[in-house]
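1. I'll drop the sequence and a predicted model, then ask my questions.
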4 protein chains.
Amino acid sequence: MGTADAWPAFTLATGPVGSTPATAAALAQPVLHHTDPAFRALYGQTVTLLREAFGTSVDPVIFPGEAVVGIEAAAAAMIGPDDVVLNVVSGLYGRVFGQLAGRFAREVVEVGTSNRASIAPAAVRDALARRADVTIVSVVHCETPSGTMNDLDAIARITARSGALLIVDAVSSFGGMRTDVENWPGVTIAAPQKALGGTPGLSLLHVSEDAWRHIAANPNAPRGSALSIEDWRDAHRPDRAFPFTPPVSDVYALRSVLQQYLAEGPENVLQRHRQAARAVRAGAQALGLSLWAAEDALRADTVTAIEMPAGIDEAEVRALARAESGVMLAGGQGELRGRVLQIGHMGPAAFPMSPLIGLTALGRALRRLGAAADIGAAVEAAVAAWDDGSESEPR
Amino acid sequence: MGTADAWPAFTLATGPVGSTPATAAALAQPVLHHTDPAFRALYGQTVTLLREAFGTSVDPVIFPGEAVVGIEAAAAAMIGPDDVVLNVVSGLYGRVFGQLAGRFAREVVEVGTSNRASIAPAAVRDALARRADVTIVSVVHCETPSGTMNDLDAIARITARSGALLIVDAVSSFGGMRTDVENWPGVTIAAPQKALGGTPGLSLLHVSEDAWRHIAANPNAPRGSALSIEDWRDAHRPDRAFPFTPPVSDVYALRSVLQQYLAEGPENVLQRHRQAARAVRAGAQALGLSLWAAEDALRADTVTAIEMPAGIDEAEVRALARAESGVMLAGGQGELRGRVLQIGHMGPAAFPMSPLIGLTALGRALRRLGAAADIGAAVEAAVAAWDDGSESEPR
Amino acid sequence: MGTADAWPAFTLATGPVGSTPATAAALAQPVLHHTDPAFRALYGQTVTLLREAFGTSVDPVIFPGEAVVGIEAAAAAMIGPDDVVLNVVSGLYGRVFGQLAGRFAREVVEVGTSNRASIAPAAVRDALARRADVTIVSVVHCETPSGTMNDLDAIARITARSGALLIVDAVSSFGGMRTDVENWPGVTIAAPQKALGGTPGLSLLHVSEDAWRHIAANPNAPRGSALSIEDWRDAHRPDRAFPFTPPVSDVYALRSVLQQYLAEGPENVLQRHRQAARAVRAGAQALGLSLWAAEDALRADTVTAIEMPAGIDEAEVRALARAESGVMLAGGQGELRGRVLQIGHMGPAAFPMSPLIGLTALGRALRRLGAAADIGAAVEAAVAAWDDGSESEPR
Amino acid sequence: MGTADAWPAFTLATGPVGSTPATAAALAQPVLHHTDPAFRALYGQTVTLLREAFGTSVDPVIFPGEAVVGIEAAAAAMIGPDDVVLNVVSGLYGRVFGQLAGRFAREVVEVGTSNRASIAPAAVRDALARRADVTIVSVVHCETPSGTMNDLDAIARITARSGALLIVDAVSSFGGMRTDVENWPGVTIAAPQKALGGTPGLSLLHVSEDAWRHIAANPNAPRGSALSIEDWRDAHRPDRAFPFTPPVSDVYALRSVLQQYLAEGPENVLQRHRQAARAVRAGAQALGLSLWAAEDALRADTVTAIEMPAGIDEAEVRALARAESGVMLAGGQGELRGRVLQIGHMGPAAFPMSPLIGLTALGRALRRLGAAADIGAAVEAAVAAWDDGSESEPR
């Protein structure tokens, strides 16, 4: 312990978040040739498992490339020169998506709110009323840096009524919070390395039938390219070949984490994330800190953003937590850099002991930097909140 | 055994080619967060190991995305609207690259030869003499489908004299045959899942200083994109962040295979590939088959393309070899589909017993389809060629 | 390759015989505390799987300690000061068991045959007729060093008629050849690291109800000792504790190999071993060598003992096969040392390509030592015998 | 979470104690044949690493069989019909050893103390003064059930002066507390699955030259048996064969944990255990509980025994900690069953977060059973004690 490059005992970051023994075992399996019938069968099973996890009737797409790649590919496919995009900005990721959309769209209009808040669905409704020519609404479900959620179900209903399609970044929510992708017309992008506890290297895409038609009509949608979603649409069908070699080991890991997710039961998984979130939020406040997300924001069950006391640099806090407690936290993103860090509580980092590990590591680091931190109160609050969460919550 | 989706005992395909126990162990390590100091250190080491394996003075780029992605990214970076590309076509991959180059270039001119042959360096020289405006020469080092090589050293000298830059696809050669990338001005693309025996999911790029300047001057080079090489140029530097999360487990595997490669010693590795190639070539001919590559072609040490007897479908042969012998061969690509298959002898599939495993599986499948196949002679020839190779070859 | 301490690519020895990817994954699981409910449950499942693999109605005993330990423990438990043991000697292991039995028995009488032959059941019958006071008959089912079998079913019937109990060493047969332990009254000792492809470190004991009674009546049977079978009899029952910590990881591997065995199907497994044995026997003879087991001996399906040509030391042959071909063979035991080596074809070493790998490695080594070896003919014979075996054999 | 047979997230028991990723990777390596030159080399390295970890000049013995087996073997080897054993009883393990010694010795005399205390070295001195015919002194270094230590250095000096030899059970101390085996004349038994964090299945024996002579002179020392230490004395020498197949995978794990131990540095390891012990002891008391070990006892750095409040069954506490917090504690041994449980803090369970994980799991379980438990205070005390320990301790 103690040296900064020793492997951490606990990864409570915002993805990747470590791996279970079952996932590690999956990764160690022999690297098959992608045309091997055993791999073709395994790939087909994985698509089926993902469809089950998405709860959808349309076969999803396993797209080679980390979530950021999948988001770029989704934007390039969906947003053509005739499209007007209404981009919701409630945090860093939403703002970055607007820049990306601008490369492809006729026009990008934005509706925003503070990065401590959730967008009011009414604001989306009003924006769509103002601009009847909007064809695509883009929203980030969970804004990781600020730990906030947007009400996708409401926004999806509003969007559906307008006739537009959605592009949803559900990367940090899928697998840890309810994502009703079947009722989100358009494209939803998820990823294995967040609440599922898998590896980075793949994007998990749900594309509705309407969205496939929209993509087909986009003359600029990438085809014959690493950024082409269409190339991979049917790659799992027995009579098709892969456009290129998928990352075999990452597919093994994906299959494994989907099996683990379905075996544990989605409702149990959501409950576990809900309890971890409550525990971390209660604990952080008892530690003497403020949550970044405003009181009335929808707060994420997968990640909690915590504001540092004045004069304390979150990067130093994280470095100390890593070096002295063996705990890896997240932070350092965009305008919140230096001020706000995140405790991730997703996947294998959303178990009963996780909150107190994160809180104690955080408290020790703060004290080392001269700040007050009531670790005992934080742990008590976390324990109480976990137990509350396990009893009172409807499932 | 016997069922088509049981895992094969032997992968003698053209990449991925299985994994050693050390590689499997690397893959099973915990999935660290990409900003974890342990992962940052490991990533930096991996770049250093790759530079050593490349034998170069410039830090190479580990680019997320399988080799096909890396090739597209290299083309997009290097070929701008002012560039005239001389594309060498000696096989399927060369022809496909020409189409890709056409998306970006002012003009693509081609110089070709039979897909059973290697390009004559003089043909490149003459083409460059005819078109003094060529700025980029693109060449595939090893044409996997046909098992042929091009004389890159000669082509590189000619290209250097002309002032043009190279784009070299060394995916199927690097790690199994000599690749003098330091003296190939331009961009060379390699990959872990071929002769190194790693996983697909990464491209390994050597970019010369001149090439970086050329990319910087290309107004259309991707930036802020999954296809941007520039974004990843300095990603290993301690003061930089990753553009997005690299595929952590694939990086573990890459580090491991580079360590294995350097520990075995590049000369020993090349020798082993040379012996395996000799053995497979001699054995295939003794089996009663013809090599696809012409007598005077430069034949690859990593893969041998073998023509099937009239009336025999290579896809059926491969299916039988897989089902009855547990051996996965390669084939089915482009215009050679149905006629030519490949025995891969690269990485963990280039050891003394590999040739006879591939040849026996092939012979058994041919016999089952009614063709003659002298397995005994093939094995004897392979054994003899291996031993010859081990003694007579200068190292 | 080439250095003597590099890991082999192929272990065609007589156990351990390598491990499948599934077994490796099982071994890598976290080392649980032995009282952990997850381990207790896993242990109970393993006993159930073993009972199913044994095909018995009595719960078997998983005994900590490699097969040699289990055999000593079985002898110590079964053979008391009043017992007269009829020990069958048809090879090295039978002779060694006689020495062991002598430590515990009132008297050991022996009936023997050449170490190239199987005992004639009539010889056992006659011996029992001569000595009506025999209480225990001890037999080795498969004599690994000489590759011979004894007809246990016949001997068991004869023994049962006499009222004596059996001690059967089925270590090298169980999992690769039919072992009808339910009808072998007494104790049968098997092991995971042979035809099941597991790890050494455990013995697998079937103890009939009569045998348990015999042990209970033995005043000298070890109790409260590492050699006590009785201590472990009920260790898998939920209300019992382990006498001491069992080797947790070896139990994981055992569970995995039993699952693999039952999933493949015992009949399929036996068929595969039968084909491998035919192929190796035919191949060895075609190579120009003699099988050690006489024509009319019952030959084992798990191991073939091969006599070296005059003047050739089997130890040198094995060292060369290991160093130059990456193939580990067995040999060097007892009086056959220097003259006879074994190709093991059990567990993961009993697949279609295994025979030719073993034969080619053997042939190359012989040639290097100046002996003739027709590798081509050997491989042809092995291929033909494998295919014959797959069609003509009743299952 | 929640089901009793789900795998625990944290094993804070008294061995096995889980495994690090490096240990898991070692376990997954292919199961080599024990005569394979690669395994022979690895085995030799492991003996060398163990000698270095023991800090001795005599090659130690890696003995197949869990620590209890090694202790029985050591007793059987050392204690002959002429030996008088002075057995120190300060807890359960000492008492059990006396029974074992009684099987072999001419006479066993005992000197004891409360199972909450450490033996006074003077008591040993006086006993030896009373009985000049004592030839062997047997002592348990760390009494796991009660969390106490005996002062081996003092006892060793006293024993040496008397001319007797020691049998030391250092199973629960070696690797986590200083064990000066070089100066403990006689036999010391350690094990991999305790503070080293390895697997059960092997005993690690240091046998001094005097002890080897004593064993050689013992007519009843086991030879040609699974319990024979002598059989394994030279098993690592290149010119010797193994008496029987050692547990190959457990040897891989042992090599790995020794490498990890030596790479971290014994002093760093000891310091880490010391800090963990202080933290757990302080935390347990702040939780409102009593340590079992008396104030003036030497308390162990590897395990803390904690007395439950009146009316609380430690077995129920452990079951709840396992089921609701995913934390496996130890307990249930001998006369302390029901009253005293142990938090193990050894090997991979002796890191900064370990104490608070154990304490919180314990506190939650106590509360569920209606007992008071000040978790906040416990965590604060543990954090403070860890930090104190890291600064003030001489190293």
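-> Structure received.
2. which bits of the stretch 151-300 of chain A sit near chain B?
-> A:193, A:198-201, A:224-227, A:243-250, A:253 (C-beta under 8 Å from any C-beta of the partner chain). Placement of C-beta: from N, CA and C, glycine included.
3. now do the helices in chain A.
-> With DSSP state H applied, chain A shows helices at A:21-27, A:37-54, A:67-78, A:92-102, A:121-130, A:152-162, A:209-216, A:229-232, A:248-264, A:266-287, A:314-325, A:354-368, A:375-392, listed in chain order.
4. the third one vs chain B: in contact?
-> Yes: for a cut-off given as C-beta under 8 Å from any C-beta, helix A:67-78 has contacts with chain B, namely A:67-69, A:72-73.
5. so A:Leu50 versus A:His214, what's the distance?
-> Distance of A:Leu50 to A:His214, given as C-beta to C-beta, to the nearest Å: 22 Å.
6. between these two, who's got more neighbours?
-> Legend: neighbour count by other C-beta atoms under 10 Å in any protein chain shown for A:Leu50 and A:His214, higher for A:Leu50 (26 against 23).
7. how about A:Phe351, what does it touch?
-> A:Phe351 sits next to A:272, A:276, D:1, D:9, D:326 when contact means C-beta atoms under 8 Å, 6 or more residues apart in numbering or on different chains.
8. got the residues you listed as JSON lines, with pLDDT and neighbour count columns?
-> Below are the contacts of A:Phe351 laid out as JSON lines (pLDDT from 0 to 100; neighbours: other C-beta atoms under 10 Å in any protein chain shown):
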{"residue": "A:Arg272", "pLDDT": "96", "neighbour count": "26"}
{"residue": "A:Ala276", "pLDDT": "97", "neighbour count": "31"}
{"residue": "D:Met1", "pLDDT": "36", "neighbour count": "18"}
{"residue": "D:Ala9", "pLDDT": "87", "neighbour count": "20"}
{"residue": "D:Gly326", "pLDDT": "96", "neighbour count": "21"}
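9. the closest residue to A:Phe10 other than its chain neighbours - how many residues pack around it?
-> Spatially, and ignoring its direct neighbours in sequence, A:Phe10 is nearest to A:Val327 (4.8 Å; C-beta to C-beta, 6 or more residues apart in numbering or on different chains). The number of residues packed near A:Val327 is 28, by other C-beta under 10 Å.
10. and for the one 3 residues further on?
-> Summarising burial for A:Ala330: neighbours were counted as other C-beta under 10 Å, giving 24.
11. roughly how far does it sit from chain B?
-> Separation of A:Ala330 from chain B (C-beta to the nearest C-beta, to the nearest Å): 7 Å.
12. wait, that residue touches A:Leu362, no?
-> No: between A:Ala330 and A:Leu362 there is no contact under C-beta atoms under 8 Å: 11.7 Å.
13. for the residue nearest to A:Phe10, what are its contacts?
-> By C-beta under 8 Å, 6+ apart, A:Val327 lies in contact with A:8-10, A:12, A:321, A:357-358, A:361, D:353.
14. give me that answer again for 7 Å
-> A:8, A:10, A:12, A:321, A:357-358, A:361, D:353 (C-beta atoms under 7 Å, 6 or more residues apart in numbering or on different chains).
15. many thanks, we can stop here.
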